[in-house]
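*Asks:* One predicted model, sequence on top.
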Amino acid sequence: MVREMVDIVLDAMKHPHKPRPRGEVVLGEITRQFWERGIKTASLTSQKHMLSTLADFLESLVEQAADRDEDRYRTVEEYLRRRRQNVGTKPSCVPLELGLNLADEVFHHPVLVELTDYIVEIIIIDNDIVSFNREQALGDDRYNLLTVAMRQYNTDFDGAVAWAAQYHADIERKFLLTLMRVPSCGSKMDQQVYTYVCGLANWPRCNECWSFEGARYFGDKGLEYKRTRRVPLLPKVVKTENDSRREDDVVISLVEEIEDQRSLRNP
């Protein structure tokens with residue numbers, strides 16, 4: 001099913017003016033309309049980069065789904081190598097250049113690639129920390145850096161967070177040092193490179209704001225948790241024999257619904 005949906009999305013991105021087949025999953029038409037609007041203002045170079053980075057991201061989701069189906073655990077190194085693609089940051093960075101014209105030799109310059117990779121790594125750590133509570137409650141935390149670290153380093157949750165925090169600090173330092181090596185690409189291109197790099201540097205902060213201000217991970221208590229830095233552990237969701245993950249009946253539980261299970265168990 002994942003493979004089929006990936007092929008549909010990629011086809012819609014490559015042919016945004018082509019009507020989607022009757023009876024196809026609605027994801028195809030959503031993608032087609034999204035990109036049909038996007039290409040009206042996106043530069044040709046950014047369009048090319050969106051297609052290539054999105055293709056890499058979607059292909060990595062197929063691998064991730066296979067890992068889950070096969071109950072496969074990865075090492076930290078293997079996990080990060082795959083997560084750099086399936087976290088979705090690289091195609092999400094393309095909007096930074098929609099109004100720019102970064103030639104391939106600039107976009108793929110080793111220093112810019114290195115800076116992008118560091119931002120991706122920072123977002124992986126941030127995302128996996130804020131998403132862990134919800135994922136552990138739903139029994140879906142095996143594909144999370146903290147769970148992988150606990151398993152590989154034989155440590156507890158606090159130990160995994162401490163390791164992740166140190167790793168995060170190391171990546172921050174590398175990013176700042178690499179900024180000093182951004183090359184000059186000529187007077188006309190340097191301003192565009194500056195704009196793009198500033199966007200990269202802002203991305204982790206944007207992700208943090210969304211994580212706490214949105215409701216995906218913390219429900220309506222995100223800003224409170226951001227202020228106190230104290231997040232109560234959500235109760236495990238009790239699954240029944242009738243639970244299924246079929247396409248037609250998948251249920252996405254709200255954080256508030258998971259929290260309600262605590263009160264039901266402790267009246």
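*Replies:* Thanks, I have it.

*Asks:* Point out where the protein drops to low pLDDT.
*Replies:* Along the chain, segments meeting pLDDT under 70 span 238-252, 261-267.

*Asks:* Okay, the residue positioned nearest the centre of it and residue 154: tell me how far apart.
*Replies:* For the chain, residue 87 is the residue whose C-alpha lies nearest the centre (C-alpha atoms, centre = their mean; 3.0 Å). As judged by C-beta to C-beta, to the nearest Å, residue 87 and residue 154 stand 25 Å apart. Where C-beta positions appear, they are placed from N, C-alpha and C, glycine not excepted.

*Asks:* Without its sequence neighbours, what residue ends up closest to the residue nearest to the centre of the chain?
*Replies:* Nearest non-adjacent residue to residue 87, counting by C-beta to C-beta, 6 or more residues apart in numbering: residue 124, 5.2 Å away.

*Asks:* how many neighbours does the one you found have?
*Replies:* Applying other C-beta atoms under 10 Å, we find 22 residues neighbouring residue 124.

*Asks:* roughly how far is stretch 81-97 from the heart of the chain?
*Replies:* Centroid separation between stretch 81-97 and its chain, computed with C-alpha atoms, centre = their mean, to the nearest Å, is 7 Å.

*Asks:* same question, stretch 59-69
*Replies:* For stretch 59-69, the distance to the chain centre is 14 Å (C-alpha atoms, centre = their mean).

*Asks:* That stretch: which residues count as buried?
*Replies:* For stretch 59-69, a neighbour-count test (16 or more other C-beta atoms under 10 Å) marks 60, 61, 64, 65, 67 as buried.

*Asks:* ok, so of those, who is nearest residue 188?
*Replies:* residue 60 (34.8 Å; C-beta to C-beta).

*Asks:* residues contacting residue 169?
*Replies:* Going by C-beta atoms under 8 Å, 6 or more residues apart in numbering, residue 169 touches no other residue.

*Asks:* Kindly indicate whether it is helix, strand or coil.
*Replies:* Of the three states, residue 169 takes helix according to DSSP: H, G, I helix; E, B strand; the rest coil.

*Asks:* Against residue 163, how distant is it?
*Replies:* Distance from residue 169 to residue 163, by C-beta to C-beta: 11 Å.

*Asks:* Could you do residue 154 as well?
*Replies:* Counting by C-beta to C-beta - residue 154 and residue 163 are separated by 12 Å.

*Asks:* Same drill for those two, tell me which one is more crowded.
*Replies:* Between residue 154 and residue 163, counted using other C-beta under 10 Å, the more crowded position is residue 163 (19 against 8).

*Asks:* can you pull the contacts of the residue nearest to the centre of the chain?
*Replies:* Contacts of residue 87 (C-beta under 8 Å, 6+ apart): 120, 123, 124, 127.

*Asks:* Dump those residues to TSV, plus secondary structure.
*Replies:* Formatted as TSV, these follow (three-state DSSP):
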residue	secondary structure
120	helix
123	helix
124	helix
127	helix
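
*Asks:* Just give me the closest of those to residue 53.
*Replies:* Looking across the contacts of residue 87 and measuring by C-beta to C-beta, the closest to residue 53 is residue 120, at 10.7 Å.

*Asks:* isn't the closest one right next to residue 90, touching?
*Replies:* Yes. If you go by C-beta atoms under 8 Å, residue 120 and residue 90 touch, sitting 6.5 Å apart.

*Asks:* The two: which has the busier surroundings?
*Replies:* Between residue 120 and residue 90, residue 120 has the larger neighbour count (other C-beta under 10 Å), namely 23 against 20.

*Asks:* Identify the residues contacting that one.
*Replies:* Counting by C-beta under 8 Å, 6+ apart, residue 120 touches 84, 87, 89, 90.
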